[in-house]
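1. show me the folded form of this:
(2 chains)
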Protein chains: 2
Amino acid sequence: MRVAIQGEPGSNSHLAVQEMVGNAELVPCSLSVEVFERLAEGAANAAVLPIENSLHGAVADHYDLLLNHQVRIVGERSLRIRHALIAATNVPIEQIERVLSHPVALSQCRRFFLAHPKCRAVPAYDTAGSVKLVLASGNPAEAAIAAPYAAEVYGGTILRRDLEDDPQNFTRFLLLVPTAAAPLDTLAAEQPVKASLAFSIAHRPGSLVYALSLLAEHGADLTRIESRPVPGRPWEYVFFVDLRMQSLAGLDAVLQSLSRECHFVKELGRYTESVTVETTAAEPARV
Amino acid sequence: MRVAIQGEPGSNSHLAVQEMVGNAELVPCSLSVEVFERLAEGAANAAVLPIENSLHGAVADHYDLLLNHQVRIVGERSLRIRHALIAATNVPIEQIERVLSHPVALSQCRRFFLAHPKCRAVPAYDTAGSVKLVLASGNPAEAAIAAPYAAEVYGGTILRRDLEDDPQNFTRFLLLVPTAAAPLDTLAAEQPVKASLAFSIAHRPGSLVYALSLLAEHGADLTRIESRPVPGRPWEYVFFVDLRMQSLAGLDAVLQSLSRECHFVKELGRYTESVTVETTAAEPARV
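-> From the prediction side, this is the model:
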């Protein structure tokens, strides 16, 4: 199995691959659009992409890419985001002067930087990539902030764990396959199922409420709604919804009734819901 | 009147200030959060902030800031985003080697860069700020991409207009004042009104659909819905809605009925709807 991700080995996306499909050959991509290109050309059989974070919200670009490519969501997983301080060797934190990481990760570790004013935050393009840079430089005054998993992948040393200010930091990842390869019949008909749909509607008063009420009528529990602009049509939107259904039959009824009312409806995938909130207290460290 | 914006003089936000409040003393801020701080401390009486773009979607941070500060929306305006190539003097485009601008503006002018391979795109922190940099350097091989208005503000020369690939590029701006200063009684009771609300609901099956159906019952036309995560409560959301109402009385009924059903409801503002889609064909140039 070859799985495409955006980012470097050792990243949270790589960790999500481990958790969702186990050991797989990784196909790292610089840009998210390349993940979809690798899937389309067969260089990867599957992809794992973050879709939302519990602090920062939707990864908007990924919604747009899902809409415009022939892929299906076949699974989801939420992952606790953990930030560790990683260096080449076991040096005292007091000797660290430069701490590299992605700007978002740096901004999530404010308390650490306040407590260690000698450590200067240095923005870099990627969390796991920062670990790679720090290990390559061999400078004992440099460290990186990344998932503990990055230390395992690159052979770095974890100087401190759990640097993040807010432990309620989760990212939801999706497992994608090319539409042609999506197994539509692996879900049991009578089991609860989660589904992701995209649709757009004529802009008339009440049209969105009416479309959503159709979902409710068929027993769909709307767990998420996201809107994205339609390029070329200012102030028109595509709505992305996640639904929890009691059975596959209910989902088919939802799709049929939406299709009658909407400009377009696209099923992005049907899959088994994953546990979406982990406890953070007694969880063992990952590495 | 002192109006805070995020960004430099000559930016699209500055142009939005001109269009919404006319000549005003500008209070430029580097970060969006500073705009709210200037309002709170009285250094500005009003603020103008972008909230969504017709190609890129919501400015997510601005939704979060609106929720957490004591401000009211008292007006809106959408502005066509135009990109011009601006230099210190009138040099032929063939002599330009470096073109500075914000990465988003650069990415919206792909056709120009394809047609002018000698021009290298150089990312900078701000569109109008790039014009300032280019005029300060005086290097005749440098130009910037920014609103034509930036040329007027800094005294630059427009080498070419309408560099943007997609002319259907609009940004919606909001006019904000401190809540204590918001005039609640300037809108005529029997006139149509637009309102922006934020609310959160218990996560039960059907609860969002039910809340939205309350809006529809009172004649609210939902023109926009945006969801943002609740920090500390993974996979719970605050919903931001824009409503078009036939009268203020209807809006009060909406607020009362939402308050009975929601964890919390915040009215972000009530204001007169602006024309939201301009024609782009026969419009005269701005400068």
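
2. please make it C-alpha for all contacts and neighbour counts, starting now.
-> OK.

3. residues in contact with stretch A:163-173?
-> A:13, A:16, A:48-55, A:76-85, A:108-112, A:276, A:280, B:231-234 (CA atoms under 8 Å, 6 or more residues apart in numbering or on different chains).

4. quick one: low-confidence parts of chain A?
-> A:184-185, A:275-287 (pLDDT under 70).

5. if we go to 80?
-> Along chain A, segments meeting pLDDT under 80 span A:183-190, A:203-205, A:275-287.

6. spatially central residue for it, please.
-> Centre of chain A computed as the mean C-alpha position; nearest residue by CA atoms, centre = their mean is A:Pro50, 1.3 Å away.

7. how about the residues of the stretch 101-250 of chain A by chain B?
-> By the rule CA under 8 Å from any CA of the partner chain, the part of the stretch 101-250 of chain A lying against chain B is A:166, A:168-170, A:204-206, A:208-209, A:212-213, A:216, A:220-222, A:225-235.

8. which of those residues fall within strands?
-> Members of these lying in strands (criterion: DSSP state E): A:170, A:221-222, A:225-230, A:233-235.

9. now the residue nearest to the centre of chain A, which residues is it bridged with?
-> A:Phe173 (DSSP bridges).

10. what do you get for A:Leu79?
-> Counting by DSSP bridges, the residues bridging with A:Leu79 are A:Thr171.

11. now A:Val177
-> A:Arg72.

12. which of the ones in strands among the residues of the stretch 101-250 of chain A next to chain B count as buried?
-> A:170, A:221-222, A:225-230, A:234-235 (16 or more other CA atoms under 10 Å in any protein chain shown).

13. closest to B:Leu159 among those residues?
-> Taking CA to CA as the measure, B:Leu159 lies nearest A:Pro234 of these, at 28.1 Å.

14. go ahead and confirm that closest one touches B:Gly57.
-> No. Using CA atoms under 8 Å, A:Pro234 is not in contact with B:Gly57, being 10.0 Å away.

15. which element is A:Val238 on?
-> According to DSSP states H and E, A:Val238 maps onto strand A:233-245.

16. export that strand to PDB, keeping only CA atoms.
-> C-alpha atoms of strand A:233-245 as PDB (Å, rounded to 0.1, in the frame of the first residue of the first chain):
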ATOM      1  CA  ARG A 233     -20.300  33.100  -8.500                       C
ATOM      2  CA  PRO A 234     -19.800  35.600  -5.700                       C
ATOM      3  CA  TRP A 235     -21.800  34.900  -2.500                       C
ATOM      4  CA  GLU A 236     -22.900  31.500  -3.700                       C
ATOM      5  CA  TYR A 237     -21.700  28.500  -1.600                       C
ATOM      6  CA  VAL A 238     -21.100  24.800  -1.700                       C
ATOM      7  CA  PHE A 239     -22.200  23.200   1.600                       C
ATOM      8  CA  PHE A 240     -20.200  20.300   3.000                       C
ATOM      9  CA  VAL A 241     -22.100  18.200   5.600                       C
ATOM     10  CA  ASP A 242     -21.100  15.200   7.700                       C
ATOM     11  CA  LEU A 243     -24.000  13.000   8.700                       C
ATOM     12  CA  ARG A 244     -24.500  10.200  11.100                       C
ATOM     13  CA  MET A 245     -27.100   7.700   9.900                       C
END
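
17. check which element follows that strand along the chain.
-> Past strand A:233-245, the next helix or strand by DSSP H and E is helix A:248-261.

18. which elements pack onto that next one?
-> Counting contacts by 3 or more CA pairs under 8 Å, 6 or more residues apart in numbering or on different chains; DSSP states H and E, helix A:248-261 packs against helix A:207-217, strand A:264-271.

19. 10 Å - rerun?
-> Packing contacts for helix A:248-261, counted by 3 or more CA pairs under 10 Å, 6 or more residues apart in numbering or on different chains; DSSP states H and E, involve strand A:193-200, helix A:207-217, strand A:233-245, strand A:264-271.

20. need the contact list for A:Val265.
-> Residues counted as contacts of A:Val265 (CA atoms under 10 Å, 6 or more residues apart in numbering or on different chains) are A:197-201, A:238-240, A:255-256, A:258-259.

21. farthest pair in those?
-> That would be A:Val238 and A:Gln256, which, of the contacts of A:Val265, are the farthest apart (CA to CA) at 18.0 Å.

22. and the buried ones among the contacts of A:Val265, selectable in PyMOL?
-> If you want just the buried ones from the contacts of A:Val265 in PyMOL, going by 16+ other CA under 10 Å, the selection is:
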select buried, chain A and resi 197+198+199+200+201+238+239+240+255+258
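
23. closest one of the contacts of A:Val265 to B:Ala147?
-> A:Val238 (28.6 Å).

24. quick one: that closest one from chain B, how far?
-> Computed as CA to the nearest CA, to the nearest Å, the A:Val238 to chain B distance reads 11 Å.

25. surely that residue touches A:Phe199?
-> Yes. Counting by CA atoms under 10 Å, A:Phe199 is a contact partner of A:Val238 at 5.7 Å.

26. if I look at the two, which residues touch both of them?
-> A:67, A:227, A:263-265.

27. break chain A into its domains for me.
-> A:1-80+A:169-181, A:84-160, A:188-271 (automatic domain parsing).

28. kindly indicate which of the shared contacts of A:Val238 and A:Phe199 lies nearest B:Gly42.
-> Lowest distance from B:Gly42 to these (CA to CA) belongs to A:Ser227, with 34.9 Å.

29. tell me what the closest residue to the closest one other than its chain neighbours is bridged to.
-> Leaving out its chain neighbours, the residue that sits closest to A:Ser227 by CA to CA, 6 or more residues apart in numbering or on different chains is A:Phe239, at 4.5 Å. Listed by DSSP bridges, the beta-bridge partners for A:Phe239 are A:Phe199, A:Ser227.

30. in contact with A:Phe239, which residues?
-> By CA under 10 Å, 6+ apart, the residues touching A:Phe239 are A:63, A:197-201, A:208, A:225-230, A:265, B:225-226.

31. out of these, who's nearest A:Glu41?
-> Of those, the one sitting nearest to A:Glu41 (CA to CA) turns out to be A:Tyr63, at 20.6 Å.

32. looking at this, the closest one is in a strand?
-> No. Under DSSP: H, G, I helix; E, B strand; the rest coil, A:Tyr63 falls outside any strand and is assigned helix.

33. list the contacts for it?
-> Counted by CA under 10 Å, 6+ apart, A:Tyr63 has contacts A:51-52, A:198, A:226-228, A:238-240.

34. would you turn these into TSV with distance to B:Gln6?
-> What follows is those, written out as TSV (distance: CA to CA, whole Å):
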residue	distance to B:Gln6
A:Ile51	28
A:Glu52	26
A:Ala198	33
A:Glu226	26
A:Ser227	25
A:Arg228	24
A:Val238	28
A:Phe239	29
A:Phe240	30
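
35. max pairwise distance over the residues you listed: which two?
-> A:Glu52 and A:Val238 (17.0 Å).
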